[in-house]
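>>> Have a look at this fold, sequence not included:
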């Protein structure tokens, strides 16, 4: 399994990184798992359909809560708009609508991942912290499965 972080945060770049990930998984036979953190409420509001279209090609998608950066929240604009649009398109084999909190994402995602998967963490916010924490969670899960110490020990 591989975990790769990418700064993509606008619809064209998100779609491009998903396509690049698919080219990798076509040769490895694994799944493409994309964890996307929308950057800015206004960008999310304006590009829901485009983000959904780009993400829907992945096998598994999680859309984390929006990283607002310099913006205040906009009423009704949440990451769930994107996951709903993916579902409406009939995209992605699995949409993880319950994995939205960055702090909880590593422990929620680790048990769902398989050997051969390519995990892309995508966005311009603090999602860059997810990759290393996910690798740590996966290491703990692998140790636990082998009867050794867990990350909690």
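That came through fine. If you're wondering where the values come from, they're calculated on a predicted model, not measured in any experiment.
>>> Specify the beta-bridge partners of the residue nearest the centre of the chain.
Centroid-nearest residue in the chain: residue 35, 0.4 Å away (criterion: Cα atoms, centre = their mean). Going by DSSP bridges, residue 35 is paired in beta bridges with residue 62, residue 121.
>>> and it, what is it in contact with?
Residues counted as contacts of residue 35 (Cβ atoms under 8 Å, 6 or more residues apart in numbering) are 61-62, 64, 99, 105, 109, 119-122, 127, 130. All C-beta atoms are positioned from the backbone trio N, CA, C, and that covers glycine.
>>> Report pLDDT for residue 151.
Looking at residue 151, its pLDDT reads 37.
>>> Quick check: the residue nearest to the centre of the chain vs residue 130, distance?
6 Å (Cβ to Cβ, to the nearest Å).
>>> which residues do those two both contact?
Common neighbours of residue 35 and residue 130 are listed as 105, 121 (criterion: Cβ under 8 Å, 6+ apart).
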